[in-house]
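Visitor: Whatever this is, show me its structure:
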Amino acid sequence: MSRREIHRRPAHPVAIRVMHWIGVYAMGCMIFSGWEIYNASPSLPFVFPAWATLGGWLGGALAWHLSAMWLLFADGIAYLVYGFASGHFRRDLKPPRPTEVVHDLGAALSFRLKHDLGHYNAVQRLLYAGVIAAIILQVMTGLAIWKPVQFGWLAGLFGGYPIARGMHLATMFCIVAFVLVHVAMVVMFPRTLKSMIVTVPAEIEESR
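Guide: This is a model prediction of the structure:
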């Protein structure tokens, strides 16, 4: 691909931007309603503040949670189909080499990490692959604890209902941690937010 073609390519295609914001909405609803569900029967010595929850009570939170779950599931399937069919995964999210991760992680920790719109550095590729896996695990453990009888085989796969619930909670914390890192990166590189709202040409990737 020539430098001119790279420059003309959008940093993020319309399909990616639409699915991104649908996923943000669905995941936000699931996290906040999930905190309300957790508060109804906490398994750790704390509860989430009421202002940070969604649903108002257990029944309302369950309604929000399950509705958002199916939206996230549909959005995730669409993203996976698009990612493989369009070559997005192969082109943009190929697994990074360990040396690339070490180099880019060191640059990030020293606030020297460069970011070119339309390109994913090694740390981003590793984090995105991790959060995709986490969301898949979150859906599977969620189904296991939602219908532990109907999906008994799935609950058994995770070692039973209590373990599946613990994994569901732990995975939620991992996803929240990813969101916090993601927001921090947007603060560091605010132009990336614009590229996820309107069509912005991809920048020419600088050599590292």
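
Visitor: what does stretch 53-69 contact?
Guide: With C-beta atoms under 8 Å, 6 or more residues apart in numbering as the test, stretch 53-69 has contacts from 25-27, 29-30, 32-37, 39-40, 139, 142, 146. Every residue, glycine included, has its C-beta placed from N, CA and C.

Visitor: got the end-to-end distance for stretch 84-100?
Guide: One end of stretch 84-100 to the other measures 23 Å (C-alpha to C-alpha, to the nearest Å).

Visitor: mean confidence for that stretch?
Guide: Averaged over stretch 84-100, pLDDT sits at 86.

Visitor: what's the answer for stretch 150-168, then?
Guide: For stretch 150-168, mean pLDDT is 92.

Visitor: can you check stretch 189-199 too?
Guide: Averaged over stretch 189-199, pLDDT sits at 86.

Visitor: Could I get the buried residue list for that stretch?
Guide: By neighbour count with 16 or more other C-beta atoms under 10 Å, stretch 189-199 contains the buried residues 192, 195-196.

Visitor: Secondary structure and distance to Leu105 for those residues - can I get that in JSON lines?
Guide: JSON lines is the format used below for these (DSSP: H, G, I helix; E, B strand; the rest coil; distance: C-beta to C-beta, whole Å):
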{"residue": "Thr192", "secondary structure": "helix", "distance to Leu105": "19"}
{"residue": "Ser195", "secondary structure": "helix", "distance to Leu105": "23"}
{"residue": "Met196", "secondary structure": "coil", "distance to Leu105": "23"}
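
Visitor: what are the ranges of the strands in the protein?
Guide: Using DSSP state E, no strands are found in the chain.

Visitor: So which residues of it form helices?
Guide: Remark: helices assigned in the chain by DSSP state H are 3-8, 14-40, 58-86, 88-92, 98-109, 122-146, 152-157, 161-188, 191-195.

Visitor: So what's the gap between stretch 136-145 and the chain middle?
Guide: Chain-centre distance of stretch 136-145: 15 Å, with C-alpha atoms, centre = their mean, to the nearest Å.

Visitor: Kindly report the same for stretch 58-73.
Guide: Using C-alpha atoms, centre = their mean, the offset of stretch 58-73 from its chain centre is 17 Å.

Visitor: again with stretch 192-208
Guide: Centre to centre, stretch against its chain (C-alpha atoms, centre = their mean), the figure for stretch 192-208 is 20 Å.

Visitor: same deal with stretch 36-46?
Guide: 23 Å.

Visitor: first to last residue in it, what's the distance?
Guide: From its first residue to its last, stretch 36-46 covers 12 Å (C-alpha to C-alpha).

Visitor: Go through the contacts of stretch 53-69 and name the one nearest Val81.
Guide: Set against Val81, the nearest of the contacts of stretch 53-69 by C-beta to C-beta is Val139 (16.0 Å).

Visitor: Distance-wise, check the closest one relative to Val101.
Guide: Applying C-beta to C-beta, to the nearest Å, the value for Val139 to Val101 is 27 Å.

Visitor: Pipe the buried residues of stretch 189-199 into CSV and attach distance to Phe89 per row.
Guide: Shown next, in CSV, are these (distance: C-beta to C-beta, whole Å):
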residue, distance to Phe89
Thr192, 20
Ser195, 19
Met196, 18
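
Visitor: Let me know the closest of the residues you listed to Arg165.
Guide: Met196 (33.4 Å).
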